[in-house]
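**Q** coords below, sequence missing:
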């Protein structure tokens, strides 16, 4: 693990321009191969989960699957008074005629008036699978716009899953572009403050961006094995900028320290090799930890998390490769240039520039924090752990939901129309679909049972009373669609689903011999997905704990440090999740963080937080403990090694944390509530991990453990004995008598 980074650094530093050109050729090839292969987007079938997914599969077998649907809503213009129904009917007829003429349209339903006479709607079903509706919706929106111009006295507008999805994609793209405009300059400014050199500050940023570009191309290739759910690029940007800058930062800081410590006596190539032997090893270990931790998301058995895992794994490994290949080459070039400048200065008779002495100890602020930790480790550990547990306490009230369509930002025009549509036609908010598969000879019996089921639900106040029965052409598949005048996340929708599944279906179609039943639909989708995640969460957390433990033990040859890593990561993640619950499940922070509370946390957020945080925590853990272990292997007493190791690494950890917080905070500013929760939770997690766990909990715990930190490794003990022997040998002999 140590020799590989050194060999690669030696080769790159010996032929720097070959390494630099080779890296950028690699980036171009990755993009070229990715564009040639194309992306493989996830299909509707890839998203099927639980009973809802099984019901969709049965429905699709009979051609009864959900299709992309748009609604054209016709209402009175604001301020014009009551709707002219005759004019609205004429506009509806015009809209229907326009839509029927489009090749993208499968069917157009007859216009429907709202119960209060304030609106008329035209429902349009598009051709193709449900997920591909947003690719075809532009033509429909164009005809709706034309109908609006033809009927200026009315308000003619369109909404539906395709137009909302298109609006969400546009909003996400605009938000990401804005976050890049903020994150990149702030990151550059942070690096300028760290290095006091524009060239050195640009190196991490350029390598991170080139790693992201290469990862995007490779992820397109990988999507043919793990379909892209549409979030892969977002994850690559989120993780790539953070780890790409961090890995380069670790390496650069060590190179500068070694250069300053050498006082000009070491060549650029020698300095690069020394940095590779220390920080290069830490980068490899950290990168492998992030990649392996991210890979545990494949255990979720979900296309979205598989897409996230692929993006995170690919960009992390690419960032590691860039740090081990092109970075040493760049450092060699910059170092050689500095040496030439120094030689020219001497040739002109000028005195060499004074080099800043290498700072091996902590800064003033870090020293001020570490002094009470070193004096009272028990008190420090007790107070911080109790505080973190208090922050984690709200997790006990965690409520997970899959964020329904109603949670999307109203900055999307289609969502504004969506609200008006639901106000006029509340029965369109959501639906249940009872799907039955049986022999064709049992179709009459199945139909009679489904009618009995519908009859039993007519007076249920949680439902609209509207139901529609359809049967496949081969009469093997039947489906009863029941409209629900409540959003999918509401208690009425969820409890009605539970009653249908546990009572009404078993008492009716469940009694038909040989019939297979399933309840799907909007509500079932948004209920089954969080339940699926909750079932997978223990498995993935268990895998994460095992990975963290195994990699820490492998890195430091210490079972004790492996257990410490597991406990600290759990503590950090739990506290971060607790703060997330405290902020987002309540309304007190809505104005502060700019969101509308849903009273819940997105079902994907905890899993994403745990996995990514466990991986990123290894960055700090490996870097900090590596410094401590280096000192211990030189024979330095553990107490001194802990204080010096924490102190010497504090600056780079703080800088890395600032970079990560900048990137993640930009995601917390997104309009989409789930992305906002992810960004916020990662900001909190990084701050807690860098400034509480690594500065307070870790040093106090290691100080208390003392020599037990290194059990069962004997390397530190041998180093102690060797150092004592050398010190004794160096003492002058005293005469006796």
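**A** Structure received. Quantities reported herein were computed from a predicted structural model and do not represent experimental measurements.
**Q** Where does the prediction get shaky in the stretch 151-300 of the chain?
**A** Per-residue confidence for the stretch 151-300 of the chain (pLDDT under 70) gives these ranges: 262-264.
**Q** give me that answer again for 80
**A** 176-183, 194-197, 253-271, 275, 277-280 (pLDDT under 80).
**Q** what are the ranges of the strands in it?
**A** Ranges of strands in the stretch 151-300 of the chain, per DSSP state E, counting those that start in this stretch, are 154-160.
**Q** can you map out the helices along it?
**A** Listed in chain order, the helices of the stretch 151-300 of the chain (DSSP state H, counting those that start in this stretch) span residues 161-195, 198-222, 232-262, 268-275, 281-295.
**Q** Reformat those helices into TSV and put mean neighbour count next to each item.
**A** Every C-beta, even on glycine, is put in place using the N, C-alpha and C of the backbone. Conversion of the helices of the stretch 151-300 of the chain to TSV gives the following (neighbours: other CB atoms under 10 Å):
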stretch	mean neighbour count
helix 161-195	18
helix 198-222	22
helix 232-262	25
helix 268-275	22
helix 281-295	24
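**Q** Distance to residue 537 added to those helices, as CSV?
**A** Below are these laid out as CSV (distance: least, CB to CB, whole Å):
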stretch, distance to residue 537
helix 161-195, 26
helix 198-222, 25
helix 232-262, 19
helix 268-275, 40
helix 281-295, 15
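**Q** any idea how far the spatially closest residue to residue 233 that is not a sequence neighbour lies from residue 685?
**A** Using CB to CB, 6 or more residues apart in numbering and skipping the chain neighbours, the partner closest in space to residue 233 is residue 216 (6.3 Å). When CB to CB, to the nearest Å is applied, the distance between residue 216 and residue 685 equals 25 Å.
**Q** how far away is the residue nearest to residue 233 from residue 286?
**A** Separation of residue 216 from residue 286 (CB to CB) stands at 22 Å.
**Q** cool, residue 567 as well?
**A** Where residue 286 is concerned, residue 567 sits at a distance of 19 Å (CB to CB).
**Q** domains for the protein, by residue range?
**A** For the chain, the structural domains run 1-38+197-342, 362-397+536-723, 424-527, going by automatic domain parsing.
**Q** closest to residue 62 out of these?
**A** Closest approach to residue 62 among the domains of the chain (CB to CB): domain 424-527, 2.8 Å.
**Q** mean confidence score for that closest one?
**A** Taken as a whole, domain 424-527 has a mean pLDDT of 93.
**Q** Stretch 61-78 now?
**A** Across stretch 61-78, pLDDT averages out at 94.
**Q** and if you look at stretch 369-377?
**A** pLDDT averaged over stretch 369-377 gives 89.
**Q** Can you point out the buried residues in that stretch?
**A** Of the residues in stretch 369-377, those scored as buried under the neighbour-count criterion (16 or more other CB atoms under 10 Å) are 369-370, 373-374, 377.
**Q** Tell me how far the nearest residue to residue 485 once chain neighbours are set aside lies from residue 420.
**A** Counting by CB to CB, 6+ apart, the nearest residue to residue 485 once its immediate chain neighbours are dropped is residue 426, at 3.9 Å. Here residue 426 is placed at a distance of 12 Å from residue 420 (CB to CB).
**Q** do residue 339 as well
**A** Taken as CB to CB, the spacing of residue 339 relative to residue 420 amounts to 70 Å.
**Q** With neighbour numbers in mind, choose between the two.
**A** In terms of neighbours (other CB atoms under 10 Å), residue 420 is the more surrounded of residue 339 and residue 420; the figures are 16 against 13.
**Q** Could you pull up the residues touching the more buried one?
**A** The neighbourhood of residue 420, defined by CB atoms under 8 Å, 6 or more residues apart in numbering, consists of 73, 75, 119, 157.
**Q** what about 7 Å?
**A** Residue 420 is in contact with 73, 75, counting by CB atoms under 7 Å, 6 or more residues apart in numbering.
**Q** Just the pLDDT for it.
**A** According to the per-residue confidence, residue 420 scores 95 in pLDDT.
**Q** which element is it on?
**A** In this structure, residue 420 sits in helix 413-424 according to DSSP states H and E.
**Q** which parts of that helix are buried?
**A** In terms of neighbour count (16+ other CB under 10 Å), helix 413-424 has its buried residues at 413-415, 417-418, 420-422, 424.
**Q** Give the helix, strand or coil label for residue 116.
**A** The local conformation at residue 116, judged by DSSP: H, G, I helix; E, B strand; the rest coil, is coil.
**Q** my bad, residue 586
**A** Of the three states, residue 586 takes coil under three-state DSSP.
**Q** Hmm, residue 596 and it touching each other?
**A** No - Residue 586 sits out of contact with residue 596 when judged by CB atoms under 7 Å, with a separation of 11.9 Å.
**Q** count of neighbours near residue 450?
**A** Counted with other CB under 10 Å, residue 450 comes out at 25.
**Q** residues contacting it?
**A** For residue 450, the contacting residues are 434, 436, 469, 478, 480, 509, taking CB under 7 Å, 6+ apart as the criterion.
**Q** Can you flag the buried ones in those?
**A** When these are checked for burial by 16+ other CB under 10 Å, the buried set is 434, 436, 478, 480, 509.
**Q** which one of those residues is nearest residue 722?
**A** Each of the buried ones among the contacts of residue 450 was checked against residue 722 using CB to CB; the closest is residue 434, at 75.9 Å.
**Q** quick one: the closest one and residue 520, what's the gap?
**A** Between residue 434 and residue 520 the distance, using CB to CB, works out to 8 Å.
**Q** can you check residue 666 too?
**A** According to CB to CB, residue 666 and residue 520 sit 37 Å apart.
**Q** Who has more neighbours out of these two?
**A** Neighbours were tallied for residue 666 and for residue 520 using other CB under 10 Å; the higher tally belongs to residue 520 (28 against 25).
**Q** List the backbone torsions phi and psi for that one.
**A** Residue 520 has phi and psi values of phi -120, psi -160 when expressed as degrees, to the nearest 10.
**Q** OK, contacts around it?
**A** Contacts were defined as CB under 7 Å, 6+ apart; by that measure residue 520 touches 52, 55-56, 59, 433, 435.
**Q** Out of those, which sit inside helices?
**A** With helices identified by DSSP state H, the entries of these that belong to them are 52, 55-56, 59.
**Q** helix or strand for residue 70, which one?
**A** strand 69-76.
**Q** Now that strand: buried residues?
**A** Of the residues in strand 69-76, those buried under the neighbour-count criterion (16+ other CB under 10 Å) are 69-76.
**Q** Same question for stretch 78-95.
**A** 83, 88, 90-92, 94-95.
**Q** Save those residues as TSV, and put in secondary structure, pLDDT and distance to residue 635 too.
**A** Written out in TSV, the entries for those read as follows (DSSP: H, G, I helix; E, B strand; the rest coil; pLDDT from 0 to 100; distance: CB to CB, whole Å):
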residue	secondary structure	pLDDT	distance to residue 635
83	coil	93	87
88	helix	95	88
90	helix	96	92
91	helix	96	87
92	helix	96	86
94	helix	96	88
95	helix	96	83
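**Q** I appreciate the help and will end here.
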